[in-house]
Every structure is written in structure tokens, then in C-alpha cells.
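**Q** Here is the input, now give the coordinates:
(chains A and B)
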Amino acid sequence: MKKENFIWNAIKTGLLGGAVAIFICLIGMVEIFSKRDVIEKTITLGQFVLLATSVVAGFVASRRTLSLLGQNKPVPNLIAGLLAGLFTGILIALLVIFGNQVNLRAVFLNASPALYDLLTLKKGMGNIWVLPTAGAISGLIGAAYLLLPQILRGPINRSLLFVIFMALFSGLFRVVMINQGPGMEIAAKFLFGQSGLTLSGTIIFFIIVVAITMFWNNKGRDIQTSISRLPKNRQLSLRVLTFALIAYIALGLPLVSGPFIAQVIVTVVLFILMGLGLNITLGFAGLLDLGFVAFYAVGAYTVGLLTSYGQYGLQHIPFWVAVPIAVLVAMAFGAVLGLPVLGVRGDYLAIATLGFGEIVRLLAGSDFLAPYFGGPQGIIGIQKPCLGILGEFIKVDAPRICNGIELGKPQDIYYIAVASALLIAFVAWRLRESRLGRAWMAIREDEDVAEALGINLIQTKLLAYMLGAAFAGLGGAIFATLIGSIFATSMQLIVSINVVSLIIVGGMGSIPGVIVGAIALIGLPELLREISEFRFLLYGATLIVMMLAKPEGLWPSQATKRELHHADADNITAENLI
Amino acid sequence: MAPILTAKKVTKRFGGLVAVNAVDFEIPEKSIVSIIGPNGAGKTTFFNCITGFGKCDEGEISFEGTPIQRLRPDQITKLGISRTYQNIRLFADMSALENILVGQHVFLNSPWFSAVLGTPKVRKEEKTALSEAQRLLNFVDLKGKGDMLARNLPYGAQRRLEIARALATKPKLLLLDEPSAGMNPRETEDLTAFIHRLRDELGITILLIEHHMRVVMGISENITVLDYGEKIAEGTPAQVQSNPRVIEAYLGRGAATEGMATAHERYTKKAG
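**A** Have a look, this model is predicted:
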């Protein structure tokens, strides 16, 4: 009875894995991912994704077997993994066979001969046995992984993740290293191929990370205690050194990486700005604002109107004066949009603000306001910032000549954006520790009780809106200057949703979480062109996985950590009390 | 002694249901007063009317001569009324100390930008707030538990923390909604002593809702009995205990002879 159970379970898991694999094939992911190598000339990203499905199927089947049959039964475990992987492979093979008989392209655009070619490694139908074999082997690997002791699993996990990361961004690292000089160029060519890692690079990275993790597992605690035993001023200088290192990398990166990557990084920093803003409204005060892009738009349009030399420019005001004005205008808008929805709670608030976001976008792009905001043509000719003597504040028709250093390149804007982000992170941090921050937290936890303790709900909520809006306005202002033009079409709802998602992924209410979330959700898809085609699929998948596996986010704030793991916390305190 | 709080003809309706019906009520300054009554008698609704949680539909409530029935809860708190809740409503995921600090919100008045700048005034204010919070924590016997999350505190400690949070607003009148609910006899005894301390040491007027008759009779100087939203009796514990209408309300119709008529009257009123 039990035996049947575990075999049937393994087959079920395999079929499920196969369904996922077929899905991945049919949406075209495999084909597009195959253009990029993980290990040069050995395995492409497409193959890697398919094999990963089998490995996961094997792992899951094997884990189920473990819970069915109990510990210490390696043979059925391995059999289950093998079966699950095998069935995943068989399903893919069936897809190839079926696809060769019937034309699936009428429905599934991506079920092309090229896909079948890729799946059979370009050797035709005679090579079809490769699929189940590879599936079975990877299933076996997944099952074997489960049998490894915990001490080995951690380092292997880390190094696999690191290798995949290095492989995906090998292009970036290669460019950076080659720019460093001939010595580094040789190292770069040894580690990174044209696309992906070289075999030697893979092995080196894998071993290095395993070694570091093992070392840290053994000695990490000792190092930590010895650091904490150091005298105060030594600790401080150590911390300063770490910060200086991070700052050096952050500031130097756009210089060595070229304009494209610099632009990507600026986009990430702009989303960090918006994320920090929404983090105040949503993360601190618990007000879900789905129309956040409205404030971004207000900031962008204000700077556009104030600094453009195009026909819609009202005045020519230097960037440095226009940005504070834009922030103030965005803040005022925060108050205006905040007032009517103050009494609205929870889901209703999300819907109401969603409406606001759309209203602002539609108005900005409408024919009705076209004489002022340019309608669908947008505002063009936004002046780049200039470090020099301020000219007169008059309307101009041509770009002004800068009597100093013009900050026109994406790299220059990058520094402005980073400086703003640092400033805002500081402000957000100070606010959270203040009485206002406590009042926001109290409102998030229990609005009625907070009010009964003397907190003025109207004032406090409005401040959350206004400060959040100010931050987003700053982001918009910098965005407008970076691009040099603004169009209402770039103020889509999806921007707001991106900001909400990056806060959730990073960790609600956590300032470092916003940075991590922005890098993960905005930076990575921008850098990986292949992935950006499936951006929303991956967003959805990531959000679901995050909610199930790590609901507190990648870098949670202390408070959220407590909130979501209070069951564990209860146990700990119970022990402490005894 | 002069009344600190006066309620005149306070009425609160929920649709067709009259939850509090024309109740007159007075609390002498620095006294301990209780409201009792069967479940659903309108005790908590009356509390909510006083604290501005739910505005009363008719009537007048004045606190130290100021009419408060139209004020928002935060304004009423600023005047000096604070409360606890029947089912504990702490900020569960904030630490005990943070809970008390939120209670002090009223007394911290530096604006947000000076908090961002970290001016000396703000730092001094935060420091005094923190030491005041520590003091309150010690006052309710929670010394050293300041960093614990409210949700992780034992039940009795949560009750005391809620009182400490209410005390942080420096109330002149403290409303306690069933403070002894769920407590064992030992804890109840401590609570009684604690309430006495609040009045004697801090000079706070106390209004209690309580089901626990031993607490009520032992502690109150004056008791008001509500039933179906109406005040049916008022007086010292001894007077209330011997009042037939009170006995009827608690033990059922027929327990007192004259109860039948009232019961009938109430039945017809309800049907109408």
C-alpha cells in the first residue's frame, strides 16, 4: 500500500513538473533563453531552466517520499526522484513527438520547429531519448540533494545561486574587468566567455563560494565576536571602511560600465526614490496607495514646465531651483489627493487611489489640457542641470549654454539621483524613529486605538501622504531631466504596481528592503533583455513564491519580522519565561 | 465633591435598537465609580459615547465643564480622558515601551522636520519621553520588559501595559472596560489594590465596567446599573445590592415580585 503510494506520488510530481516544462516551452521561454549560455558552449539558459524543472520535480517527489516513508530510506527516495525526473522528461519528449505530427503553431505561436530542434539538441527525432534520460538524471540529482547533510547543502545552495548570478551578468562583469587593463583582461577571458561563464570560471566560482561559506560556517561566529570585542573606535573605523568600500563601488560603477548600464542604474535609483516614498505611506502608515505614479508625474511635469526650452516651457529656471519647487508641488498634490480619501480604509483606499493615478495620467495626456501640458506630444527639451552661474529666470526658445560644467550624461544624473536617494533614506530613517514614525506605526496597527491615544488621524495620515508624494515627486523631477522629455504615456499604472511590488519583495517598512527590491525587480530585468520579455510572468511568480516562502520580504524590517513570525517568537518567550 | 464628568439624557441608537436610552450620569472628582449590568446592557456603548468612539445621538456630556459630545477621540484624550478596552487592544507588534511612547504622543510637539534634523530640542524631548515611559513601566510592574513585544507578554501583563499606555496620556479620568476579565482571584486582588493606588497616588478619577461582583462591590464608591440601555438603579454598593430591579435584571423575571410588570412593559415596548 505504502509503496504504491510513493511511486504514484513520484509519477504525479513528475507529470506536474512536465506540465510546467511544457508551459515554459510553449510560451517561448526556452527558445529565447537558449540564446544565452550559462556555461559557454556547454549549457544554455534554456536548457538550464528545463533541467531545473526536472531537478525540482525530483526534489519535491523525494521530499514527499520522505514524509510518507520516514527518514533513513535512501533507495525509495532516489527511485522517487528518478521517476519524477523521468516523467518530466517523457512529457517534454511527448511534446516533441506530438508537435512533429500535428501543427501546434495555430494555437501556440512558439511551438516552432526551432523549439523541437533545440529540445533534441539539433539532431532530429533520433535523439529523442535524450530528454527522458536527462530528466531522469536531473531528477536523481534533485533527490540526492535531499540526502546530503545540512552542512553541505548550505554551501552548495549559495554557490549555485552565485554561479547562476555570475553567469547571467557575465557580460557586465566582463566589460568592467576588460576596461581595467590588460592584466584583468586575461582574467576576464579566463572566467567569462562571450556569453556566460567558461567551464573553468564556473568551477573556480563554485569552489571559491563553497570554501568561503564553509569557512564562515565554521569561523563566522568567532570573527563576529572578535569584532564586537574590538574597542569602540576600531569598530567605528571598520564600519566606516565598509561604507567607504560600498560607496566606492556605487560611485565608480557607472564610470567603468558605460552609458547603457549607467542608465539602468539610474532607473533603479529612481525606483528606489519612489519606493522610499511609498514605503512611508504603505510601509510605515499602512495606507495602500495604488496611484503613486500621480506624484511622480507631478514632479516630472513641474520640472518640465519650469526648465523646458520647448514651446510649453513657462520659464527657464535652473534645475537646482526647479527641483525643490517640484517637490513642494508634489507635496501639495499629496495633500489634495489625500484629503478626500482620508476616511477610506483598506481595500477601498487602494481602489480610490488607483483612480487618482489614472485621472492624473489621462488629464496630463488629454487634448483638453494640451495647451498647457502638450497632450500626447508631451513636453520636450528639458534643460540638463548645469553647475555654474544661474542665468535670468526668463522664457527661452533654445537650449541655454551652460557657463560651467553641464551634467548631461546619464552618469552625471546618476550621481544626482544617488545623492537624493541617500538624503531621502536618511530622512525616512529619522522619521521612522521619531514620534511621527511611532504614530504611523500605531495607525497601521489599530487606527481607532491610535486616535483614542490622542493621535490626530487627519494630520498624521496627511503627512504620510505628503512626504511620500514629495519623495516620488523628486524621483519624477530627476527622471524628467534624465530623459529630457516627458510623455503622459510613461506615467502608466504599471509604474505604481512596480513600486508596490518592489516594496513587498524587499520587505514592507524596511529601508534597505526598498533598495534590494528595486535592484531585484527593476534592475535585473533591465539588464537581462531575455528576461524582460517575461517580466510580468516572472513578477507574478516571484510575488507568489515570496508570499509563500518569505512573506516578510528579502530584507525585512525588525517589526515585520516579528509580525510574521510571531508563532516562533511566542515559543521563544515561553521558554524564556520558564 | 464637584462632578468631573456629567452626562445628561445620553442616547445612542443603532438603527432601530436603542443601545443607550436617556441616561443621566455623574462622576464625582477623585472617586471610583462602576457601571454594571447584564450582557448587552449598553455599558460599553456608553463608554464609547464618552470617549468619542461612537458619537451619541442625543444628550450632552461635559467634562470639567467643557461639552465633549461633538469632539473627536483625540481631542477628548487631550482634555484628559483615557481608556482601556474590554478585549485588549495593544499595538501587538510594537514593543511594550513603544506602546507607552505612543501614549505620550500628545505631549511631544516638535514638528517632523526638526525630528529629521535631529535638533537638540527633539533629542531632549525624546529622552524625557523615554524616561517617563520607563517610569510608567516600573509603575505597572513591568520593569525590564520594555523591549518585549506586546503580543508576547503574559495576559495579566498585557492588561497592565494597556493601563500604563492609558496613563501615559496623563488622564484625569480613566475608563477601565472590564479590567479583571480573564484574571484569576490572585490577579484580581492585585488589580483592586492597583486601582486604589491609581486614585490615591495619582489622584485619577476611575470609571469601571466590571462583571466581577467582588471587585465591583469592594472597590466602588458608587454604582450605576444599566439594563437594556436604561439606568435602573444608582447608589452605594449596599443600596444597589438590595434593589429589587437590579436583582431582577440579573436573576431573571419573577425573582422580584414587581418585576413582572416591568418585564411586560419592556416586552411590549420591544415589540412596538
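**Q** Touching, A:I128 and A:V96? I think so.
**A** Yes - using CB atoms under 8 Å, A:I128 is in contact with A:V96, at 6.2 Å. C-betas here are computed from N, CA, C, even on glycine.
**Q** residue contacts, A:M491?
**A** A:V293, A:A294, A:Y296, A:A297, A:A300, A:V360, A:R361, A:A364 (CB atoms under 8 Å, 6 or more residues apart in numbering or on different chains).
**Q** just the buried members of those residues?
**A** For the contacts of A:M491, a burial check counting by 16 or more other CB atoms under 10 Å in any protein chain shown picks out A:V293, A:A294, A:Y296, A:A297, A:A300, A:V360, A:R361, A:A364.
**Q** quick one: the first one from chain B, how far?
**A** Look at A:V293 and chain B: by CB to the nearest CB, to the nearest Å, they are 25 Å apart.
**Q** circling back to that earlier point, out of the contacts of A:M491, which are inside helices?
**A** Those of the contacts of A:M491 mapping onto helices are A:V293, A:A294, A:Y296, A:A297, A:A300, A:V360, A:R361, A:A364, per DSSP state H.
**Q** if we can go back for a sec, now for A:I128 and A:V96: what residues contact both?
**A** Common neighbours of A:I128 and A:V96, using CB under 8 Å, 6+ apart, are A:T120.
**Q** now the buried ones among the contacts of A:M491 in a markdown table, with pLDDT and distance to A:P74?
**A** Shown next, in a markdown table, are these (pLDDT from 0 to 100; distance: CB to CB, whole Å):
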| residue | pLDDT | distance to A:P74 |
| --- | --- | --- |
| A:V293 | 92 | 54 |
| A:A294 | 93 | 59 |
| A:Y296 | 93 | 56 |
| A:A297 | 94 | 60 |
| A:A300 | 94 | 61 |
| A:V360 | 90 | 61 |
| A:R361 | 90 | 59 |
| A:A364 | 89 | 64 |
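**Q** Kindly indicate which of the residues you listed lies nearest A:I424.
**A** Using CB to CB, A:Y296 is the member of these that lies nearest A:I424, at 13.8 Å.
**Q** Quick check: that closest one touching A:G473?
**A** Yes - here A:Y296 reaches A:G473: they are 7.1 Å apart, a contact under CB under 8 Å.
**Q** Quick check: residues of the stretch 51-200 of chain B near chain A?
**A** The stretch 51-200 of chain B comes close to chain A at residues B:51-53, B:72-74, B:77-78, B:82-83, B:85, B:89, B:91-94, B:98, B:101-103, B:105-106, B:108, B:110, B:112, B:115-116, B:118, B:122, B:126, B:129, B:148-149, B:151-152, B:154, B:165, B:168-169, as judged by CB under 8 Å from any CB of the partner chain.
**Q** could you measure B:I247 against chain A, distance?
**A** Distance, B:I247 to chain A, by CB to the nearest CB: 35 Å.
**Q** Can you pull the phi and psi angles for B:P28?
**A** Torsion angles at B:P28 (phi, psi; degrees, to the nearest 10) stand at phi -70, psi 150.
**Q** show me where pLDDT drops low in the chain?
**A** Picked chain A for this. A:1-4, A:389-392, A:558-578 (pLDDT under 70).
**Q** Please refer instead to chain B.
**A** Along chain B, segments meeting pLDDT under 70 span B:1, B:252-272.
**Q** show me where it has strands.
**A** Using DSSP state E, the strands found in chain B span residues B:3-14, B:17-28, B:32-36, B:58-63, B:66-67, B:81-83, B:173-177, B:205-209, B:222-227, B:230-235.
**Q** neighbours around the closest residue to chain B within the stretch 151-300 of chain A, how many?
**A** With CB to the nearest CB, the shortest gap between the stretch 151-300 of chain A and chain B falls at A:I280, namely 10.8 Å. By other CB atoms under 10 Å in any protein chain shown, 29 other residues sit near A:I280.
**Q** Could you give the number of residues near the nearest residue to it once chain neighbours are set aside?
**A** Leaving aside its sequence neighbours, A:I280 sits nearest to A:G468 (CB to CB, 6 or more residues apart in numbering or on different chains; 4.5 Å). As a burial measure, A:G468 scores 30 neighbours (other CB under 10 Å).
**Q** mind pulling up the phi and psi values for A:G468?
**A** According to degrees, to the nearest 10, A:G468 has phi -60, psi -50.
**Q** my guess is it contacts A:G291, does it?
**A** No - applying CB under 8 Å as the test, A:G468 and A:G291 come out as separate, 11.3 Å apart.
**Q** shared neighbours, those two?
**A** The contact sets of A:G468 and A:G291 do not overlap (CB under 8 Å, 6+ apart).
**Q** Which segments of the chain make up each domain?
**A** Defaulting to chain A. In terms of domains, chain A is parsed into A:1-147, A:152-229, A:254-568 (source: automatic domain parsing).
**Q** Please refer instead to chain B.
**A** Split by automatic domain parsing, chain B gives B:1-80+B:173-272, B:90-170.
**Q** now the closest residue to B:K9 other than its chain neighbours: how far from A:A425?
**A** Excluding the flanking residues, the one nearest B:K9 by CB to CB, 6+ apart is B:G59, at 4.2 Å. B:G59 sits 52 Å away from A:A425, going by CB to CB, to the nearest Å.
**Q** next one: B:V122
**A** Applying CB to CB, the value for B:V122 to A:A425 is 19 Å.
**Q** Give the buried residues for the top helix by length along chain A.
**A** Secondary structure of chain A per DSSP H: the longest helix is helix A:199-229. Neighbour-count burial for helix A:199-229, with 16+ other CB under 10 Å as criterion, is recorded at A:G201, A:T202, A:F205, A:F206, A:V209, A:V210, A:T213.
**Q** Report the contact partners of the last one.
**A** Under the criterion of CB under 8 Å, 6+ apart, the contact partners of A:T213 comprise A:G154, A:P155, A:R158, A:S159.
**Q** residue contacts, B:T84?
**A** By CB under 8 Å, 6+ apart, B:T84 lies in contact with B:R159, B:E162, B:I163, B:A166, B:L174, B:L175, B:L176, B:D177, B:P179.
**Q** can you pull the contacts of A:V514?
**A** Taking CB under 8 Å, 6+ apart, we find A:V514 in contact with A:I272, A:G275, A:L276, A:N279, A:L502, A:I503, A:G506.
**Q** Neighbour-wise, give me the winner out of those residues.
**A** Counting neighbours by other CB under 10 Å, A:G275 comes out on top of the contacts of A:V514 with 34 neighbours.
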